[in-house]
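>>> I would like the atomic coordinates for the input below:
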Amino acid sequence: MKKKIILAALLIAAGGVMTYRLVNQPPSADLPADKQMLELLSDAGCMACHLEYPELPFYASLPVAGDLVKKDHRLAYRSFDIAPMVAAIQAGEKVSEVDLAKVEKVIQDGTMPLAKYYLVHWGSSMTDTEKTMAMDWIRIARAAAYPNHLADAAFSNEPVRPLADSVAVDMRKVVLGDLLFHDVRLSIDNTVSCATCHGLNTGGVDNKRFSEGVDGNVGGVNAPTVFNAHYNFVQFWDGRAATLAAQAGGPPLNPAEMGHKSFDDICARLNEDANFKKAFAEVYPDGITEANITDAIQEFERTLTTPNSRFDKYLKGDMAALSAEEIAGYELFKKYDCATCHVGENLGGQSYELMGIKGDYFADRNMELTAEDHGRHKETKSERDMHRFKVPGLRNIALTGPYFHDGTKQTLEEAVRDMAKYEVGVNLTDEETTRLVAFLHTLTGEYKGKLLTNDNMK
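All right, here's what the predicted structure looks like:
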């Protein structure tokens, strides 16, 4: 009897394996690579959770199972919307490097699809062959869309890249933009310039929780660094400015910042300066206008890059540039998913992400919510965008505290622990925190050939 039971079990297991192999076949090798990837994403069940309106399974209508399905879908969609990635692949366009990094990481870790999903949906778990196909596609897509020519071959497929030594600019505009960036006439009472809140000797910020504007007004959101802002896909925490020029046009007319009623007032004031008016006309034939002012500031800000950090040198092949502890910190940075959002040259600035994926940051903060806490929702009014913010770049992060949009974290240690807790669901050990912070210190770069320092942060 016992032998019959064992035999029956073996037959059932063998049948299960055969069925699994039949339903879990990799895409045809005859398909183009992009179509292979789309099929892999579909077969893995990504579209079942990571879309706004997915086709939910039949059991989503059942009392208990349905609640779990809806909960999983809400978290999955708020964490990652796969629709832009699918649309880009279908259109033959480049996929966001954040999306590439996110998909790459869950495949590496084997965390997607969830076990409870593929136990019901046979064929959704990826075989080794399918994983290899997907990872190869990601590597090729990344190399084509985001070439990493500066890095050593060993780091060519990293989700982050070294900064170039410089950016091509029109130096005539840069000179004017530099003057305007430091010109207090852009404020109504001649007390505030761009450099007041974005000091080039203080990491591109002012190291205050909230910046001070005209008439003693205090803002409601922490000022982001102006260094390397050229690499951000949008500007401001809520992404309301698509370009550096659009960003430059905001503060002069903000009543809490520079206080002017219109750019006509600013232009009139600048036109009173004969020498400045003449210099401006040599670069911009139509003279001093809002568009030309913001264009010049934008061109200057494009020069505010900080290459040649120790981490850059490491990526370029100088293995001695980082200590063992700092390298261990970088490995933790990747292990705990930091490098899925903090990608590219600026280690961030390429996507909007939810503040509090694994926990309710705002409830735990125990402070009254403000309009600035709404993040991207301020602009879109979409429920999904509530508490979603543009990911900050991490270059020179050791110099730019206090941290987060609300400026509530005074130290990198606090910020790192909170990011791990609320974004990844991990409580870091003291050793892990120390290593991650050590790595972040290697991201301080050079401006005009000199290493950035910040006396306020010492």
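
>>> shouldn't Val103 be in contact with Ala134?
Yes: with contact defined as Cβ atoms under 8 Å, Val103 reaches Ala134; the gap is 7.4 Å. (C-beta placed from N, C-alpha, C; glycine too.)

>>> more neighbours, those two?
Val103 (26 against 21; other Cβ atoms under 10 Å).

>>> what's the closest non-adjacent residue to the more buried one?
Ile138 (6.6 Å; Cβ to Cβ, 6 or more residues apart in numbering).

>>> what do you get for Val283?
Nearest non-adjacent residue to Val283 (Cβ to Cβ, 6+ apart): Arg172, at 4.7 Å.

>>> neighbours of the one you found, how many?
Neighbours around Arg172, by other Cβ under 10 Å: 14.

>>> can you tell me the element it falls in?
Per DSSP states H and E: Arg172 is located in helix 171-181.

>>> give the buried residues for that helix.
173-174, 176-181 (16 or more other Cβ atoms under 10 Å).

>>> which other helices and strands does it contact?
With contacts taken as 3 or more Cβ pairs under 8 Å, 6 or more residues apart in numbering; DSSP states H and E, helix 171-181 sits against helix 194-197, helix 274-283, helix 290-301.

>>> okay, how far is it across stretch 252-269, tip to tip?
13 Å (Cα to Cα, to the nearest Å).

>>> next, the buried residues of it.
Quick answer for stretch 252-269 (16+ other Cβ under 10 Å): 252-253, 256-260, 263, 266-267, 269.

>>> the strands in the stretch 151-300 of the chain, which residues?
Using DSSP state E, counting those that start in this stretch, no strands are found in the stretch 151-300 of the chain.

>>> just the stretch 351-458 of the chain next, same as before
352-354, 388-390, 446-447, 450-451.

>>> can you say which of the ones you listed is packed in most?
strand 388-390 (a mean of 24; mean count of other Cβ atoms under 10 Å).

>>> so where is this protein shaky, pLDDT-wise?
1-24, 57-60, 64-65, 112-124, 455-458 (pLDDT under 70).

>>> if we go to 80?
Scanning the chain for pLDDT under 80 picks out 1-26, 29, 48, 55-70, 111-125, 455-458.

>>> before we move on, the earlier item: can you redo the strands of the stretch 351-458 of the chain as a markdown table with distance to Gln36?
Output for these, formatted as a markdown table (distance: least, Cβ to Cβ, whole Å):
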| stretch | distance to Gln36 |
| --- | --- |
| strand 352-354 | 28 |
| strand 388-390 | 31 |
| strand 446-447 | 43 |
| strand 450-451 | 46 |
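
>>> which one of these lies nearest to Arg240?
When the strands of the stretch 351-458 of the chain are compared by Cβ to Cβ, strand 388-390 sits nearest Arg240, at 9.8 Å.

>>> list of residues touching stretch 71-84?
41, 46-52, 54, 56, 96, 99, 102, 114, 354, 357, 384 (Cβ atoms under 8 Å, 6 or more residues apart in numbering).

>>> now, of these, which are buried?
Buried, going by 16+ other Cβ under 10 Å: 41, 46-51, 54, 96, 99, 102, 354, 357, 384, out of the contacts of stretch 71-84.

>>> which one of the residues you listed is nearest Thr202?
Among the buried ones among the contacts of stretch 71-84, Leu354 lies closest to Thr202 (Cβ to Cβ), at 29.6 Å.

>>> the closest one against His387, yeah?
Yes: Leu354 is within contact range of His387, at 6.0 Å (criterion: Cβ under 8 Å).

>>> hey, what's in contact with both of the two?
Counting by Cβ under 8 Å, 6+ apart, nothing touches both Leu354 and His387.

>>> related to what we said a few turns ago, any chance of the helices and strands packed on helix 171-181 in a markdown table, with distance to Glu212 and mean neighbour count too?
As requested, the helices and strands packed on helix 171-181 are exported to a markdown table (distance: least, Cβ to Cβ, whole Å; neighbours: other Cβ atoms under 10 Å):
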| stretch | distance to Glu212 | mean neighbour count |
| --- | --- | --- |
| helix 194-197 | 8 | 22 |
| helix 274-283 | 26 | 14 |
| helix 290-301 | 20 | 23 |
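
>>> I'd like to know which of these lies nearest to Arg185.
Once these are compared by Cβ to Cβ, helix 274-283 is nearest, at 9.2 Å.

>>> quick one: that closest one to helix 171-181, angle?
Put simply, helix 274-283 runs at 140 degrees to helix 171-181, going by axes from the mean of the first three to the mean of the last three Cα atoms, to 10 degrees.
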